[in-house]
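Participant: Predicted model follows, preceded by the sequence.
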Number of protein chains: 4
Amino acid sequence: MGEKSEQKRQLILDTARQIFAQKGFAKVTMKDIIDASQISRGGIYLYFDSTAAIFEEVLRQEDGKETAGAEELTEDATAVDVLLLFLKEEKKKLLKKKDNLAVASYEYHLAHGGAATDNLLRRRMKQQAQNLAELIEVGVANGEFYCESPEDTANQILYVLEGLRISVHTMGISSSAVDRALLHIVQSLVVEV
Amino acid sequence: MGEKSEQKRQLILDTARQIFAQKGFAKVTMKDIIDASQISRGGIYLYFDSTAAIFEEVLRQEDGKETAGAEELTEDATAVDVLLLFLKEEKKKLLKKKDNLAVASYEYHLAHGGAATDNLLRRRMKQQAQNLAELIEVGVANGEFYCESPEDTANQILYVLEGLRISVHTMGISSSAVDRALLHIVQSLVVEV
Amino acid sequence: MGEKSEQKRQLILDTARQIFAQKGFAKVTMKDIIDASQISRGGIYLYFDSTAAIFEEVLRQEDGKETAGAEELTEDATAVDVLLLFLKEEKKKLLKKKDNLAVASYEYHLAHGGAATDNLLRRRMKQQAQNLAELIEVGVANGEFYCESPEDTANQILYVLEGLRISVHTMGISSSAVDRALLHIVQSLVVEV
Amino acid sequence: MGEKSEQKRQLILDTARQIFAQKGFAKVTMKDIIDASQISRGGIYLYFDSTAAIFEEVLRQEDGKETAGAEELTEDATAVDVLLLFLKEEKKKLLKKKDNLAVASYEYHLAHGGAATDNLLRRRMKQQAQNLAELIEVGVANGEFYCESPEDTANQILYVLEGLRISVHTMGISSSAVDRALLHIVQSLVVEV
DNA sequence: TATGAATGAGTCTTCATTCAT
DNA sequence: AATGAATGAAGACTCATTCAT
């Protein structure tokens, strides 16, 4: 019982995820999700109260997925290696057209006020900043990086990434522009040989 | 007549501007603008076809205003002075709550696809990047700044600003976080004395 | 403009009145009124926000009508004549099946809390009590009636009428039962010859 | 099983009774009763077809309770004593806010047409009228009351009570207004000393 | 008997847009 | 050029009722 129910709930979420990736958040209606899921008009309200509630759950699951992954490096990877991998991954996420919730996420958070206490975006950014700062510290200790304030630098990198992401979707900046920006990040950090 | 007509058009734009600044773009309806302007339900269509058309014009006028201003420095201002003033201004724009079209602009551009050829946002960013790059070159020549690639650095600064702007509205980052980020920009650029 | 608009408004009210008389208040939907009036789904909201708003206006107009009328007696009518006419009129209203808003009125006032300050029902009952008390005083002065407290008696008569009215609609009491009750009122008041 | 089943049925009725007392009849949904009882969405239909069916049963049980009670007088109570007690009880029922099915009962009977053959309300009123008439006859025989037609007077008293009851809920008449009306009843009946 | 997920009809309400004046 | 009444499509949501288990 609970199991079947859970399956349906997940079906709705998966379907909705696709729709949000296609249409963003604002334009998506309950009807869109109803028509795409195999559920009735009234049935969806057994699971979710609104598109916002659905999207929040989609984001939560997304967040769970993200935290996982990223174990593609060998033990003896250098800090530079890790940084490059991180940026490569970020670039991929930045530029991918399909299956990208970025626009929906922006629309949702813009519409629902960024100051919410349970803001996943902010929590995640803090986590990333910490990880990145640690990486930079390691790199500095190794002599790979030159950096006076790892924490500030980590944040700056994340702001650049965030700036690139929103720019991709609002200004249509090109893939090569992203490349140059990411390259510049690396260059300002890595000790020239 | 043409003049009266023009006045009415401008009245609509000014009124709409306020509304967009308050409510963003997505939530604003024709009715909102009609009720606030002194125009009839049918009459507004003589001037504009949609909220999007109105907002585009608002943005266009906004762009005109921006290009002006910024002459508050004396002739003998140093590059550092100019940079600091620029960042101070940007910070002010970043954080102001009232009369801020940022959210509306994001919502509009996210909804209407960032890839439009006549994208004002992108055009303006390019212009800013050029100005900033020139400033940095001057600073480098003066020995005020240390920078290997003024162009890339200029872009990076703008991406950080863009990242900060969207973060303010989606993550509710604090004023002090903005300060730190801006300070870090200056520090990475200015030659330590 | 205002005139045509006013006509439409009145058309809605007249149509709605019929429907309320047929179906009571609770079961009537906006759709019922829309379908019966010549107005569109959205159009009705230009005039009224809800069935309650419409019904309130219907009642208000009804109240206006009631205050009028009742000039069917000659100058030299006795107090008994007036009382008998009053009771005859009330009986007619009590028992009529068509064009009777009593059920709707009960449903509305039961659902919307009887304690509203602008309660038309209460205001009207007070007015009636006053008129009736005056009539009884006249009758007493004439030697037609015997009554120690005209005011209390007037109220009692009105409560009996109210009791009869609700009983007609909730217990289906018969016309002859109403007759007996009204007759008893007269008998307890009129001095036996 | 039959017993367990009966318990569940009664549980539904008791729960529903509370809800009807709170919300009246019209606004109560099956869902309300289901949520408050410990029964499943489908399960309730094994016992009752509709809120109306439930309410009818609630009323039937209520009727049973009422018939009981009222033995609080000693053997040698006078007719006046009995009348006063009766009116006191009725007043209490009239004015109590909690646990009062009056509004629900009105809503139900108004919506379901008062003419039903099995109308409990009418049956009960007849019973009360008979009892009251007998009491008055006793009082007249005792010389306590003056009354020419005990039956009509009994009915009139009941109509006044009914008029007061509906007025409490539709006009919000005050406790003191009820007092005056009841006092007037007694005064018109009791032989002045 | 009992469950509770699922259904879909029905209602309310808003909005961009049209059109007679 | 201008008005504002009117339209009807579209979306949100609720609820009684059914049905597979």
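Facilitator: It's in.
Participant: give me the residue from chain A nearest chain D.
Facilitator: Residue nearest to chain D within chain A (C-beta to the nearest C-beta): residue A:46, separated by 11.0 Å. Placement of C-beta: from N, CA and C, glycine included.
Participant: Near that residue, how many residues? Count them for me, please.
Facilitator: By the measure other C-beta atoms under 10 Å in any protein chain shown, the count of residues near residue A:46 is 12.
Participant: measure it to residue A:9 for me?
Facilitator: From residue A:46 across to residue A:9, the span is 9 Å (C-beta to C-beta, to the nearest Å).
Participant: can you list the weak-confidence ranges in chain A?
Facilitator: A:1-2, A:67-74, A:117, A:193 (pLDDT under 70).
Participant: again, only using 90
Facilitator: A:1-6, A:63-77, A:97, A:113-120, A:191-193 (pLDDT under 90).
Participant: and it, which residues reach DNA strand F?
Facilitator: A:29-31, A:41-42, A:45, A:49-51 (C-beta under 7 Å from any atom of the strand).
Participant: Try it again at 10 Å.
Facilitator: Within reach of DNA strand F by C-beta under 10 Å from any atom of the strand, chain A has these residues: A:1, A:4, A:27-35, A:40-46, A:48-53.
Participant: Tell me which entries of those residues lie within strands.
Facilitator: With DSSP state E as the criterion, strands contain none of the residues of chain A next to DNA strand F.
Participant: from those, which would you call buried?
Facilitator: A:28, A:30, A:32-34, A:44, A:48, A:51 (16 or more other C-beta atoms under 10 Å in any protein chain shown).
Participant: Quick one: check stretch A:100-117 for contact with chain B.
Facilitator: Yes - contact of stretch A:100-117 with chain B (C-beta under 8 Å from any C-beta of the partner chain) involves A:103, A:105-107, A:109-111, A:113-116.
Participant: Would you write a ChimeraX line that selects the buried entries of those residues?
Facilitator: Of the residues of stretch A:100-117 next to chain B, the buried ones can be selected in ChimeraX as follows, counting by 16+ other C-beta under 10 Å:
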select /A:103,105,106,107,109,110,111,114
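Participant: now, the most widely separated pair of the residues of stretch A:100-117 next to chain B?
Facilitator: A:103 and A:115 (20.9 Å; C-beta to C-beta).
Participant: who's in contact with the helix or strand hosting residue A:129?
Facilitator: Element membership for residue A:129 (DSSP states H and E) is helix A:120-142. If you take C-beta atoms under 8 Å, 6 or more residues apart in numbering or on different chains as the criterion, helix A:120-142 is touched by A:59-60, A:63, A:66, A:78-80, A:82-83, A:86, A:105, A:109, A:114, A:145-147, A:150-151, A:153-155, A:157-158, A:162, A:189, B:167, B:170-173.
Participant: change it to 7 Å
Facilitator: A:59-60, A:63, A:78-80, A:82-83, A:109, A:145, A:147, A:150-151, A:153-155, A:157-158, B:170-172 (C-beta atoms under 7 Å, 6 or more residues apart in numbering or on different chains).
Participant: That helix: which residues count as buried?
Facilitator: In helix A:120-142, counting by 16+ other C-beta under 10 Å, buried: A:120-122, A:124-125, A:128-129, A:132-133, A:135-137, A:139-140.
Participant: repeat for stretch A:83-98
Facilitator: A:83, A:86-87, A:90-91, A:94-95.
Participant: How about the residues of chain A by chain C?
Facilitator: Within chain A, no position lies close to chain C (C-beta under 7 Å from any C-beta of the partner chain).
Participant: how about the helices in chain A?
Facilitator: A:2-23, A:30-36, A:51-67, A:79-95, A:102-111, A:120-142, A:150-170, A:175-189 (DSSP state H).
Participant: domains of chain A?
Facilitator: In terms of domains, chain A is parsed into A:2-58, A:74-189 (source: automatic domain parsing).
Participant: so which of those domains comes closest to DNA strand E?
Facilitator: DNA strand E lies closest, by C-beta to the nearest atom of the strand, to one member of these: domain A:2-58, at 1.7 Å.
Participant: Now for the buried residues of stretch A:83-98: which two are most distant?
Facilitator: A:83 and A:95 (18.5 Å).
Participant: hmm, who's touching stretch A:8-22?
Facilitator: Stretch A:8-22 is contacted by residues A:28, A:32-33, A:36-37, A:39, A:44, A:47-48, A:54-55, A:57-58, A:61, A:98-101, A:104 when judged by C-beta under 7 Å, 6+ apart.
Participant: switch to 6 Å and redo it
Facilitator: A:28, A:32-33, A:36-37, A:47, A:54, A:57-58, A:99-101, A:104 (C-beta atoms under 6 Å, 6 or more residues apart in numbering or on different chains).
Participant: just stretch A:40-54 next, same as before
Facilitator: Taking C-beta under 6 Å, 6+ apart as the rule, stretch A:40-54 contacts A:9, A:12, A:16, A:28, A:34.
Participant: mind checking the end-to-end distance for that stretch?
Facilitator: Taking C-alpha to C-alpha, to the nearest Å as the measure, stretch A:40-54 stretches 16 Å from start to finish.
Participant: how near is the residue lying closest to residue A:148 once chain neighbours are set aside to residue B:181?
Facilitator: Distance criterion C-beta to C-beta, 6 or more residues apart in numbering or on different chains; nearest residue to residue A:148, sequence neighbours excluded, is residue B:187 at 7.7 Å. Look at residue B:187 and residue B:181: by C-beta to C-beta, they are 11 Å apart.
Participant: who has more neighbours, the two?
Facilitator: residue B:181 (23 against 12).
Participant: Next, format the helices of chain A as a markdown table and append distance to residue B:22.
Facilitator: Below are the helices of chain A laid out as a markdown table (distance: least, C-beta to C-beta, whole Å):
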| stretch | distance to residue B:22 |
| --- | --- |
| helix A:2-23 | 25 |
| helix A:30-36 | 27 |
| helix A:51-67 | 21 |
| helix A:79-95 | 31 |
| helix A:102-111 | 13 |
| helix A:120-142 | 23 |
| helix A:150-170 | 21 |
| helix A:175-189 | 33 |
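Participant: how about those helices, which one is nearest residue C:177?
Facilitator: Among the helices of chain A, the nearest to residue C:177 by C-beta to C-beta is helix A:30-36 (54.8 Å).
Participant: Get me the contact residues on chain A for DNA strand E.
Facilitator: Near DNA strand E, when you scan chain A using C-beta under 10 Å from any atom of the strand, you find A:1-9, A:11-12, A:34, A:37-47.
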